[in-house]
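Enquirer: Kindly generate the corresponding structure for this input.
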Amino acid sequence: MKKLLTLFFTLSMMVFTTSCDNDFEDLNVDPTASTNLDVNPKFAYLFLKSAGDEFEHSFTNILCAGQLTQQVIDTDFPQGSIYTTREDLQAAWWIVAYQNTVKTVVDIIAQLESEGNTGTEMGIARIWKAYIFHTIVDQYGDTPYFGAGQGFLSGNIRPAYDDAQDIYMDMLNELEEGVAQLGSPSTLGTADLIYGGDTAKWSKFGNSLMLRLAMRIKNVDPSASTAWANKAITGGTMSSSSDTAFMTHTNGPQQLNQNAWGVYQPRYVNARIGATIYDWLADHGDPRLNILADPNGPAAGNRYGLERDQLLAIYGETPESYARVNPAITQLDSPWVFISYAQTSLLEAEFAASAGNHTLAETKYNDGVTANMQIWGSHYDASLTVDNSTINDYLTANPYDASQGERMIGEQYWAASFFDFFESFSNFRRSGYPELQAFGGHDPFPGNVTNGAIPRRLIYPSNEGSVNTDNFNAAIQAQGPNNQITRVWWDVN
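Expert: The predicted model follows:
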């Protein structure tokens, strides 16, 4: 696999190199389009780029979503912890997505259509398009979707912002139809860096993503949520950690092949695990404490909602007082997980609990907790293996309680989504769990821009107002001001 990643990085760099400026015209010139280029290296690049580089991960996934969910803290960039705004941090994911992954997947679908391909490859492309866009919509809300990535294909360089509800309904439909197109083994071969051409696993991935989206709209459209969740589960979701979708990373030769946190960690030495999740793990006697937090560091997580000078003035503490994220899971060749069996099982637990089937909810809850405890040893580092007796002891000490089912499931989903901070942030806003305190319970930071409330979304790049003016203004009119307290469509909790 490492040799294959190197090969496809080399192929991709021949045709996919793009600039990282913010000019909207650049966001709509397709760097992947070539009448002579086979679709396979495009898929390989798409999967690699979807796992992300250090730039967009550090700026937006870690420093924004990771801090908003109180799982990681970096006092060099405290904006996500004190609810102020630094636009480049919030906009990085948006910019890279529209520059790269959105255009690439749209181009792949167009090429497959031109080739008359309505089979497995098209199904995979449609499923992956939904995966790419669900992250964008969940973080930013209304966004260019139906016309996005069409600059090279149709000349539309200023696409309209589409309503998040319309996007969600289309993504669910795309997943249903994409899964239905999966049939014979794909012709992607080694270009399929996720499942190596295993269409059964692709089907489970598509249905698991369908379940995720179905549960996301639970509070805003209960009937549709139930119908789509049933459809996903009936169709077949992930059934073990062998179905987990992840990217195998390597030490090189370039950053695109490397794990984004592995690149981030040595560059930002004051990044620490958050006190909120550190204390939750400690309070529950959770064996993941010494997996997520460096066991050789201080036995404490970074306090939340304070700048560095406040930490020193109030507590006499500095970043060195807190544990870093465990180096064993932040190597350059650590994997990147897209969707895990643990997350999927916990969503099934919540769905069962909501229907009053707490026997099934308990089984799925136990399966999800077990799977997340095991994945660190199976996918990251064998030294992190948690044996069955330890897991059983944990579940005995922390048994599923039907009266507290949704809270327990929500907290476990938060823990199981460590590193996938976008998903952690989204599920927190949707479910209300864990019950995070603004500023970690400290007094509101005087310069906060959310009236002391936990932010509900990330902001669009401000230059959208000048390069895509009419569509940008229409989106603001429809959704609300471009700030961190305007809620996305499904966020009504």
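
Enquirer: tally of neighbours for Leu112?
Expert: 19 (other C-beta atoms under 10 Å). For the C-beta atoms, the positions are set from N, CA and C on the backbone; glycine is no exception.

Enquirer: hang on, it packs against Gly123?
Expert: No. With contact defined as C-beta atoms under 8 Å, Leu112 does not count as touching Gly123 (9.8 Å).

Enquirer: anything in contact with each of those two?
Expert: Overlap of the contact sets of Leu112 and Gly123 (by C-beta atoms under 8 Å, 6 or more residues apart in numbering) is empty.

Enquirer: Can you give me the distance of Glu121 to Pro41?
Expert: Distance, Glu121 to Pro41, by C-beta to C-beta, to the nearest Å: 13 Å.

Enquirer: the more surrounded of these two?
Expert: Using other C-beta under 10 Å as the criterion, Glu121 and Pro41 rank with Glu121 on top: 24 against 20.

Enquirer: Now do the contacts for that one.
Expert: Residues in contact with Glu121, defined by C-beta under 8 Å, 6+ apart, are Val39, Phe43, Leu112, Ser186, Thr187, Leu188.

Enquirer: Any chance of TSV for those, columns distance to Ala300 and secondary structure?
Expert: Shown next, in TSV, are the contacts of Glu121 (distance: C-beta to C-beta, whole Å; DSSP: H, G, I helix; E, B strand; the rest coil):
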residue	distance to Ala300	secondary structure
Val39	50	helix
Phe43	44	helix
Leu112	52	helix
Ser186	48	coil
Thr187	52	coil
Leu188	46	coil
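
Enquirer: Pick the one among those closest to Thr135.
Expert: In terms of C-beta to C-beta, no member of the contacts of Glu121 lies closer to Thr135 than Phe43, at 18.6 Å.

Enquirer: Tell me which residues touch that closest one, please.
Expert: With C-beta under 8 Å, 6+ apart, Phe43 has these contacts: Ile108, Glu121, Ile124, Ala125, Leu188, Ala191, Asp192.

Enquirer: Narrow those to those in helices?
Expert: Taking DSSP state H, the ones among the contacts of Phe43 that sit in helices are Ile108, Glu121, Ile124, Ala125.

Enquirer: Pretty sure Asp107 is one of the things the last one touches, is it not?
Expert: No. Using C-beta under 8 Å, Ala125 is not in contact with Asp107, being 9.8 Å away.

Enquirer: Have a look at those two and say which one is more surrounded.
Expert: Between Ala125 and Asp107, counted using other C-beta under 10 Å, Ala125 has the larger neighbour count: 27 against 24.

Enquirer: tell me the secondary structure for Ile273?
Expert: For Ile273, the secondary structure call by DSSP: H, G, I helix; E, B strand; the rest coil comes out as strand.

Enquirer: sorry, that was for Ser389
Expert: Secondary structure, three-state DSSP: Ser389 is helix.

Enquirer: Neighbours of it, how many?
Expert: 8.

Enquirer: Surely Glu177 touches Arg126?
Expert: Yes. Taking C-beta under 8 Å as the definition, Glu177 is a contact partner of Arg126 at 6.7 Å.

Enquirer: need the helices for the stretch 251-400 of the chain, in chain order.
Expert: Listed in chain order, the helices of the stretch 251-400 of the chain (DSSP state H, counting those that start in this stretch) span residues 260-267, 275-283, 289-292, 308-315, 341-354, 358-375, 388-397.

Enquirer: Ok, which of those helices comes nearest Thr486?
Expert: Among the helices of the stretch 251-400 of the chain, helix 275-283 comes nearest to Thr486, with 24.6 Å by C-beta to C-beta.

Enquirer: Tell me which residues are up against that closest one.
Expert: Against helix 275-283 from outside (C-beta under 8 Å, 6+ apart): 70-71, 73, 286, 288-289, 292-293, 300-304, 322-323, 411, 414-415, 418, 434, 436, 440.

Enquirer: repeat that for 10 Å
Expert: Helix 275-283 has contacts (C-beta atoms under 10 Å, 6 or more residues apart in numbering) with 69-73, 272-274, 286-293, 299-305, 322-323, 411, 414-415, 418, 424, 434, 436-437, 440-441.

Enquirer: residues of that helix that come out buried?
Expert: By 16 or more other C-beta atoms under 10 Å, the buried positions in helix 275-283 come out as Ala275, Thr276, Ile277, Tyr278, Trp280, Leu281.

Enquirer: tell me the phi and psi of Asp401?
Expert: Main-chain dihedrals, Asp401, degrees, to the nearest 10: phi -120, psi 110.

Enquirer: now do Met215
Expert: Phi and psi for Met215, reported as degrees, to the nearest 10, are phi -70, psi -30.

Enquirer: Give me the neighbour count for it.
Expert: 25.

Enquirer: That one contacts Glu348, correct?
Expert: Yes. Assessed by C-beta atoms under 10 Å, Met215 is found in contact with Glu348 at 9.3 Å.

Enquirer: which neighbours do these two share?
Expert: In contact with both Met215 and Glu348: Ala229, Ala232, using C-beta under 10 Å, 6+ apart.

Enquirer: what about Gly262, distance to Gln67?
Expert: Distance, Gly262 to Gln67, using C-beta to C-beta: 19 Å.

Enquirer: hey, where'd the strands end up in the chain?
Expert: For the chain, applying DSSP state E gives strands covering 72-74, 143-144, 161-162, 245-247, 271-273, 336-339.

Enquirer: In TSV: those strands, plus mean neighbour count, distance to Leu384 and mean pLDDT.
Expert: Listed next are the strands of the chain as TSV, based on neighbours: other C-beta atoms under 10 Å; distance: least, C-beta to C-beta, whole Å; pLDDT from 0 to 100:
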stretch	mean neighbour count	distance to Leu384	mean pLDDT
strand 72-74	26	18	97
strand 143-144	25	37	98
strand 161-162	23	42	98
strand 245-247	20	15	98
strand 271-273	26	15	97
strand 336-339	22	14	98
